[in-house]
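# Just need the structure, nothing else, for what follows:
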Amino acid sequence: MATFYRRLPRFDYVKPKSLGDALDLLKGNKLGAIQVYAGGTDVIPRLKARLLPAPKFLMDLKGLSELDHIEYKDGQGLDIGALATVSSLIQNTLVREQFGVLFQGANSIASTQVQNRGTLAGNLCNAIPSADSAPALLCLGAKLVCVSHRGERRINIENFITGPRKTILESDELVKKIHVPDMPAGSRGVYIKLSTRSRMDLSLVGVAVVVAAVDGVIRDIRIGLGGVAPTTIRAKRAEEMLLGEKVRDNIIAEGGRLAAEESSPRSSHRASAEYRRLMVEVLVKRALIQTLKVQE
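Numbering: from 1, shown residues only. Below you'll find the model as predicted:
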């Protein structure tokens with residue numbers, strides 16, 4: 001059977017040499033006139049499939065070296081530049097050792113080839129509900145530093161994504177970096193992805209948990225859920241119930257049940273809503289067991 005690959009639509013190409021040049025070009029940008037991309041692992045296939053309208057200009061950000069960095073300052077947290085690739089994050093020893101839940105989330109993203117090209121910022125800007133980095137970043141209280149000719153603003157990650165493929169980012173604005181605060185003292189985190197083909201497929205359910213327990217009592221708890229609502233969400237009812245409780249099997253089970261109740265998945269050809277909700281309960285319990293056992 002013959003396979004037909006569509007060509008890219010016609011557009012002009014521009015590659016700014018500095019962040020200032022990029023912001024000047026974006027000044028006054030109307031929606032659809034300039035399409036920004038970094039890794040291009042999502043934008044280019046969507047343009048080929050005509051799922052994105054053809055822009056007048058395609059702006060390539062890869063020349064902006066000032067956005068390609070991963071920096072940590074003790075007591076202040078981690079800064080991930082908008083052009084830092086997923087691979088660079090995975091290969092960073094400090095990220096692996098101090099932000100394990102983020103490492104696991106990033107390591108769950110697609111193939112090695114996509115990880116070498118794609119960026120963490122792009123994974124967020126795509127704003128798909130199943131983004132593997134989002135549940136971990138949500139649990140870590142990440143902020144996005146966005147910039148335009150008007151100046152900078154910091155946006156909490158829970159406010160950044162407003163719906164499937166929708167963000168609060170303005171058409172003349174770029175993500176400059178992602179700031180990740182230090183994990184709470186004594187805490188551990190885990191990300192669990194459920195998919196048909198491991199990291200090669202979109203997650204049916206993604207669960208991140210960051211928890212700290214002292215003397216068997218839960219002192220801090222954050223639960224992020226992906227793929228089971230229009231955006232990544234925190235299971236706040238489950239968190240409130242678990243906070244201050246002594247670790248027991250029935251408490252862990254109740255946390256999973258409440259998290260499942262807070263999810264609002266939809267049925268698709270990949271999985272039914274009922275199955276996804278059941279898997280939220282199972283994976284939240286599994287994540288709690290893994291993180292709490294490590295701390296015993």
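
# just checking, what packs against the longest helix anywhere in the chain?
Secondary structure of the chain per DSSP state H: the longest helix is helix 273-295. Packing partners of helix 273-295 (3 or more CB pairs under 8 Å, 6 or more residues apart in numbering; DSSP states H and E): strand 188-194, strand 205-214, strand 217-226, helix 249-262. Heads up, the C-betas are built off the backbone N, CA and C, glycines and all.

# Pull the residues that contact it.
186, 188-192, 194, 204-205, 207-213, 218, 223, 225, 227-228, 235, 238, 242, 247, 252-253, 255-257, 259-260, 263, 265-267 (CB atoms under 8 Å, 6 or more residues apart in numbering).

# any idea of the angle that helix forms with strand 205-214?
30 degrees (axes from the mean of the first three to the mean of the last three CA atoms, to 10 degrees).

# for helix 273-295, what is the average pLDDT?
Averaged across helix 273-295, the pLDDT comes to 92.

# Stretch 17-36 now?
91.

# do the same with stretch 139-158
Stretch 139-158 carries an average pLDDT of 97.

# now swap in stretch 235-251 and tell me
pLDDT averaged over stretch 235-251 gives 96.

# For that stretch, buried residues please.
By neighbour count with 16 or more other CB atoms under 10 Å, stretch 235-251 contains the buried residues 235, 238, 239, 241, 242, 245, 247.

# Quick check: the last one vs residue 154, distance?
Same thing as residue 247. 35 Å (CB to CB, to the nearest Å).

# Kindly report the same for the fifth one.
Going from residue 242 to residue 154 by CB to CB gives 29 Å.

# likewise the second one?
Separation of residue 238 from residue 154 (CB to CB): 27 Å.

# how about the closest residue to residue 85 other than its chain neighbours, what does it touch?
In space, and not counting its chain neighbours, residue 85 is closest to residue 119: 5.7 Å by CB to CB, 6 or more residues apart in numbering. Each residue near residue 119 by CB under 8 Å, 6+ apart is listed here: 38, 39, 82, 83, 84, 85, 86.

# Done for today, thanks.
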